[in-house]
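1. Kindly return the folded structure for what I paste below:
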Amino acid sequence: MTISTQRGTTGLWAIAPADVGSPAALALLRDYYTDVANSYYRRHLGREGTPEEIETGLAGSPSDDLAPPTGVFLLGRYDGEAAACAGLRVVDAATVELTRVYVRPARRGTGGGRRLMTAIDEAARALGAGRIVLDTRLDLVEARALYTRHGYREIPAYSERPYAEIWYAKDLARADR
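-> Sure thing, here's the model as predicted:
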């Protein structure tokens, strides 16, 4: 089942639920983790992460709960090539948590982020959620701008994760008005 298929700037984006353990999903998750980890290492240590640091961090940040019944993993394909992803984790009957939002650098600026955010809302509703929450880091400026453009508002902390610095939520019922 495809959630969203729309023409991007020059190609076609198709976003659909996928097996979080598939080769395409695992490759995107590795790229996502490498991207955010290296951003952190550059900001705090003035260097890229080592392969060992990336592997250790990736192993300590499993995504297997982004599958039914505890969640969903969305895979975005640009002209058939896996190029974006996002995950939703069920928090409770009315709330899901957004995580692992990523568009490969070569496909940024083609409308993938916008398409992905629309598909996220649709997938959250399909899970029965009326609210989406997320946490992120302050240095992930582009991601934070994407969230606020799509109706997310800053909220008080709901988690105490080591890298969480700012928290957002979106009320899906309010977004429909």
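
2. tell me what the longest helix along the chain is packed against?
-> As assigned by DSSP state H, the longest helix anywhere in the chain is helix 23-45. Where contact means 3 or more C-beta pairs under 8 Å, 6 or more residues apart in numbering; DSSP states H and E, helix 23-45 is packed against helix 51-59, strand 71-78, strand 81-92, strand 95-103. Backbone N, C-alpha and C define where each C-beta goes, glycine included.

3. In CSV, list those along with mean pLDDT and distance to residue 159.
-> Supplementary listing: the helices and strands packed on helix 23-45 in CSV, determined by pLDDT from 0 to 100; distance: least, C-beta to C-beta, whole Å:
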stretch, mean pLDDT, distance to residue 159
helix 51-59, 92, 18
strand 71-78, 98, 16
strand 81-92, 98, 10
strand 95-103, 97, 9
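
4. so which of those comes closest to residue 27?
-> Between residue 27 and the helices and strands packed on helix 23-45, the shortest gap by C-beta to C-beta is with strand 81-92, which sits at 6.8 Å.

5. by contact count, what packs against the closest one?
-> Other helices and strands packing on strand 81-92, by 3+ C-beta pairs under 8 Å, 6+ apart, are helix 23-45, strand 71-78, strand 95-103, helix 112-126.

6. At the geometric centre of this protein, which residue do we find?
-> Centroid-nearest residue in the chain, with C-alpha atoms, centre = their mean: residue 101, separated by 1.7 Å.

7. ok, what's across the strand from the residue nearest to it when sequence neighbours are not counted?
-> In this structure, residue 101 finds its nearest non-sequential neighbour in residue 86, 4.6 Å apart by C-beta to C-beta, 6 or more residues apart in numbering. Legend: beta-bridge partners of residue 86 under DSSP bridges are residue 74.
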